[in-house]
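J.: next come a sequence and a model predicted from it.
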Amino acid sequence: MLRKCAVGCLCRTLPGSGLESMPYIREELEDMGTVLQQELQGFEEITNSTPEATIEIQSVNHNSGDDINKSIPTKYYCYQNLLIASRNMYNFLSEKPFSSLSEINDYLESVKSGDDSKLLEYFNKNKMLKSIEYWCNLIKEYFTKSSRDLSNLEKFNIFMSFDLDKVGNSPLKLFSQLSITKEFQCLFSLT
């Protein structure tokens, strides 16, 4: 088999060199051709004998209000990520996005219950909170002050240079992307 592979490689790498005309090489190539033909037939038999897969779709009835409350819309999940990261960074920031930890916790509880009106009102009053540059600067400050190891800051800069297109100008998308990135889980640990 090794010889057949070597002959096949030679013929592929040196096409038109006349190697195919040599009797022992032609013999090896013919043997290899029959082996490949047998494998192809075996594959066709398996493909033809495979039963068709059926997919059964079941309808789900959501009459209960409890079922609806269990599913969290994506925007609330993103709000939670932003608020949890804000809470974890709070003690390390000189310019704080929220006035107190209790305020962050209040917003977090209201978002968990499905009410984002207070948080949106706060964001509308403080336009800087809608800026991705503002949040990036806060995250950089956090990584600078929270650890002697500046590798997280370096990783964040790399993350922003490559994933800025995914994030756009949305702080919610920024925190959503950061929350699924292993290197930045320290921002989202529940303390």
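T.: It's in.
J.: secondary structure class for Lys96?
T.: coil (DSSP: H, G, I helix; E, B strand; the rest coil).
J.: where does this protein dip in pLDDT?
T.: 1-72, 191 (pLDDT under 70).
J.: quick one: the strands in it?
T.: Ranges of strands within the chain: none, based on DSSP state E.
J.: and it, what are its domains?
T.: 2-46, 71-187 (automatic domain parsing).
J.: let me have those in CSV, extended by mean neighbour count.
T.: Every C-beta, even on glycine, is put in place using the N, C-alpha and C of the backbone. Listed next are these as CSV, based on neighbours: other CB atoms under 10 Å:
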stretch, mean neighbour count
domain 2-46, 12
domain 71-187, 15
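J.: now do the contacts for Lys96.
T.: Tyr90 (CB atoms under 8 Å, 6 or more residues apart in numbering).
J.: and it, its phi and psi?
T.: The phi and psi values for Lys96, taken as degrees, to the nearest 10, are phi -90, psi 140.
J.: ok, Lys145 to Val167 distance?
T.: 23 Å (CB to CB, to the nearest Å).
J.: typo on my end, Glu103
T.: Counting by CB to CB - Glu103 and Val167 are separated by 25 Å.
J.: how about Lys173?
T.: From Lys173 to Val167 the distance is 5 Å (CB to CB).
J.: return the residues in contact with Thr144.
T.: Counting by CB under 8 Å, 6+ apart, Thr144 has contacts Leu150, Leu153.
J.: gap between it and Ser113?
T.: Going from Thr144 to Ser113 by CB to CB gives 35 Å.
J.: how close does the nearest residue to Phe123 once chain neighbours are set aside sit to Ser151?
T.: Leaving out its chain neighbours, the residue that sits closest to Phe123 by CB to CB, 6 or more residues apart in numbering is Leu129, at 5.0 Å. With distances taken as CB to CB, Leu129 is found 28 Å from Ser151.
J.: ditto for Tyr122
T.: 33 Å.
J.: need phi/psi at Asp115.
T.: phi -120, psi 110.
J.: go on, Asp149?
T.: Torsion angles at Asp149 (phi, psi; degrees, to the nearest 10) stand at phi -90, psi 110.
J.: wait, what's in contact with the nearest residue to Ser170 once chain neighbours are set aside?
T.: Using CB to CB, 6+ apart and skipping residues adjacent in sequence, the residue nearest Ser170 is Ile132, 6.8 Å away. For Ile132, the contacting residues are Val167, Gly168, Asn169, Ser170, Pro171, Leu174, by CB under 8 Å, 6+ apart.
J.: contacts only, for the fifth one.
T.: Residues in contact with Pro171 (CB under 8 Å, 6+ apart) are Leu82, Leu129, Lys130, Ser131, Ile132, Tyr134, Trp135.
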